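>>> build me a model from this:
(one chain, ligands or ions: 1)
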Amino acid sequence: MVVVLNFGSQFAHLIARRVRELGVRAEVLPFDTPAPEIQRHQPVGIIFSGGPASVIEKGNPRPDKNIFTLGIPVLGICYGHQLMAQMLGGEVTTGERWEFGKEILTLNTRQGLFNGLRTREVVWFSHGDHVTRLPKGFIDLASTPACAHAAFADAKRGLFGIQFHPEVSHTACGTKLLANFLFSICKAKKDWRIPSLMRSIVLDIKQEVGQKHVVGGISGGVDSLVAATLLHRAIGNRLHPVLVDTGLSREGEVAQVGSYLRHHGFKTLHVVDAAEIFLRRLRGVTDPEQKRKAIGHTFIEVFEKTIRTKLKKYPIAYLAQGTIYPDRIESASISKAAAKIKSHHNLTLPEKLGFKILEPLRDLYKDEVRRVGESLELPKKLLWRHPFPGPGLAVRIVGEVTQERLKILRAADAIFIEELQKSGEYKKIWQAFAALLPLKVVGVMGDARTYDSVIVLRAVDSVDGMSADWHKMPDELLEKISSAIVGKVRGVNRVLYDVTQKPPATIEYE
Ligand code: XMP
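Below is the predicted model of the structure:
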């Protein structure tokens, strides 16, 4: 495996994903992970990500300096490249101009890291500082007009630095370069493959669980569905999936998931209709954090009660969850981050339930989960659904959640999604949904005045939901969706399209 040290770059995860796409396992670790801890993972290579800081600033993030003496090849990218130069005795200064975007890189060599590349390559830069003097023992591998030391190496020690980003698609030769690092320099093995991965997950579950029973939380989402399917393969009906219908899901979602599971041999499925209790707990609650908390607590209460009553005759020892790798990273980084934006809630159940936690997808990214799902032959419609937040439609209804408002939102959202799917736009979008504002506005329908609700359409392009851009939707499609919603959903007389990026907005409304 390869360790990616994260210096705060938006692209750290993209680097790990690219490495995995090349068939090598990659794990993102915090930049200050001590060298012995890194060694414990037995990596064949280490990659330093980029980052927003400057190596010239005081207190900039720095790795354990012993990393350079482990005898493990290191590739520094952007900030990581400057850091390597500076920590090993070179010099970095702030450039006279920012290099941002595409640049032409001229190579001094087409061997090693640059094997199979052309003499001139288009690469993607994003930096202000640059290396002005190489550390002792290093040689230049490439330059641009504004950056003399755009790539350098001390090949004997296995240390490489590149000022540009090989992980982004604008760097056309990026995949080749990463492959050279992995396979020629680190001698990595290609063993991160979906079928072998699935086999080893199923085997691990069998070994861990033995003859005991497992309870599994199912939401409408992809992750818990894939986790449950793997668990079912491993232990059959000793898995007890519990699907809590909170009444806050998308149209048809609970019915679809329930029906899929029932038709695929999940004989022990429990669907718990708890819509009424959730609605009761949300009555009069308008504060977003209070709403999230009320939903989280109610969920745990309903889940616990189901185990105590319906499942009491089974020797349950494990609680299975669909936690995936980014969830773990996010919760780890939450403790380091200064401000809490939202109490994220994945219907994660507390350990106080007294069971051991089983997370079969804990090392996988979303796209890998989907590929596992495809191998398991899960329906495409369920697999490729956009992400959906744990607290459901409640965080898309600004203000109080009521039955009436849920009905309006669910209907508008279903029309929006259906039109996106029909037009083929759905696949181009990372996440799309409708939200309901706590407003009434004036309109005219037929010859009569209306005084009705406002629906906002949100569609975003993103890689991981951490940052997002609004999706540039074709005008005619927006118009069609708007007319369909106002025409078909009673109680709505206006449709808006949200054109805000994250940051400063968030994707959801609460
Ligand atoms: P925000 O609104 O924070 O959302 O920009 C980023 C991504 O996270 C999803 N989201 C959640 N997912 N539990 C989840 O599992 C939550 O509590 C939650 N809140 C937001 C959101 O849909 C978007 O994809």
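
>>> every contact and neighbour count from this point should use C-alpha atoms.
OK.

>>> what residues does the stretch 401-510 of the chain put near the ligand?
Counting by CA under 6 Å from any ligand atom, the stretch 401-510 of the chain comes close to the ligand at Gly465, Thr506, Ile507, Glu508.

>>> can you select the buried ones among the residues you listed for me in ChimeraX?
Per 16 or more other CA atoms under 10 Å, the buried members of those correspond to this ChimeraX selection:
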select :506,507,508
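
>>> which of the residues of the stretch 401-510 of the chain next to the ligand lies closest to Leu378?
Nearest to Leu378 out of those is Gly465 (CA to CA; 23.9 Å).

>>> tell me the contacts of the residue lying closest to the closest one once chain neighbours are set aside?
The shortest distance from Gly465 to any non-neighbouring residue, by CA to CA, 6 or more residues apart in numbering, is to Ile507 (7.6 Å). Residues near Ile507 by CA atoms under 8 Å, 6 or more residues apart in numbering: Arg458, Val460, Gly465, Ala468.

>>> any idea where the strands of the stretch 201-350 of the chain begin and end?
With strands called from DSSP state E, counting those that start in this stretch, the stretch 201-350 of the chain shows them at 213-218, 239-245, 270-273, 316-320.

>>> quick one: terminal-to-terminal distance for stretch 358-370?
Using CA to CA, to the nearest Å, one end of stretch 358-370 lies 19 Å from the other.

>>> thinking again about what came up before, of all the strands of the stretch 201-350 of the chain, which one is nearest Arg17?
Ranking the strands of the stretch 201-350 of the chain by proximity to Arg17 (CA to CA) places strand 316-320 first, at 24.9 Å.

>>> the closest one to strand 239-245, inter-axis angle?
50 degrees (axes from the mean of the first three to the mean of the last three CA atoms, to 10 degrees).

>>> where does pLDDT dip in the stretch 301-450 of the chain?
Within the stretch 301-450 of the chain, the segments meeting pLDDT under 70 span 329-352.

>>> dump the residue contacts of Val271.
With CA under 8 Å, 6+ apart, Val271 has these contacts: Val242, Leu243, Val244, Asp245, Gly258.

>>> packing partners of the strand ranked longest in the chain?
In terms of residue count, the longest strand belonging to the chain (DSSP state E) is strand 91-107. Here strand 91-107 touches helix 79-87, strand 120-133, strand 139-144, going by 3 or more CA pairs under 8 Å, 6 or more residues apart in numbering; DSSP states H and E.

>>> and the shortest one, how far from the chain's centre?
In this view, strand 139-144 has its centroid 34 Å away from the chain centroid, taken as CA atoms, centre = their mean, to the nearest Å.

>>> list the buried ones in that strand?
Within strand 139-144, the residues scored as buried using 16+ other CA under 10 Å are Ile139, Asp140, Leu141, Ala142, Ser143, Thr144.

>>> in the stretch 101-250 of the chain, which residue sits closest to the ligand?
Gly221 (8.9 Å; CA to the nearest ligand atom).

>>> ok, that residue - how many residues close by?
Residues lying near Gly221 (other CA atoms under 10 Å) number 20.

>>> deepest of the helices and strands packed on strand 91-107, which one?
Mean neighbour count (mean count of other CA atoms under 10 Å) peaks for helix 79-87 among the helices and strands packed on strand 91-107, with a mean of 26.

>>> then that helix to PDB, C-alphas only?
C-alpha atoms of helix 79-87 as PDB (Å, rounded to 0.1, in the frame of the first residue of the first chain):
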ATOM      1  CA  TYR A  79       3.300  22.100  -1.400                       C
ATOM      2  CA  GLY A  80       4.800  18.700  -0.700                       C
ATOM      3  CA  HIS A  81       7.500  19.300  -3.300                       C
ATOM      4  CA  GLN A  82       8.400  22.600  -1.800                       C
ATOM      5  CA  LEU A  83       8.400  21.100   1.700                       C
ATOM      6  CA  MET A  84      10.800  18.400   0.600                       C
ATOM      7  CA  ALA A  85      13.100  20.900  -0.900                       C
ATOM      8  CA  GLN A  86      13.100  23.100   2.200                       C
ATOM      9  CA  MET A  87      13.400  20.400   4.800                       C
END
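
>>> so for it, mean pLDDT?
The average pLDDT for helix 79-87 rounds to 96.

>>> what does stretch 105-112 give?
95.

>>> for stretch 253-266, same thing?
Computed over stretch 253-266, the mean pLDDT rounds to 94.

>>> roughly how far apart are His221 and Arg410?
Heads up, residue 221 is Gly, not His. Using CA to CA, Gly221 is found at 17 Å from Arg410.

>>> hmm, back to that, out of the helices and strands packed on strand 91-107, which gets nearest to Val442?
Val442 sits nearest to strand 120-133 of all the helices and strands packed on strand 91-107, at 47.5 Å, using CA to CA.

>>> can you show me the CA trace of the closest one as CSV?
C-alpha atoms of strand 120-133 as CSV (Å, rounded to 0.1, in the frame of the first residue of the first chain):
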residue,chain,number,x,y,z
ARG,A,120,6.9,18.7,-23.6
GLU,A,121,3.8,18.0,-21.6
VAL,A,122,0.8,20.0,-20.5
VAL,A,123,0.5,20.0,-16.7
TRP,A,124,-1.7,21.8,-14.1
PHE,A,125,-0.1,24.2,-11.7
SER,A,126,-1.6,25.9,-8.6
HIS,A,127,1.0,27.7,-6.5
GLY,A,128,2.6,30.9,-5.5
ASP,A,129,5.9,29.8,-4.0
HIS,A,130,8.6,27.9,-5.9
VAL,A,131,11.8,26.1,-5.3
THR,A,132,14.8,28.4,-6.1
ARG,A,133,17.7,26.1,-4.9
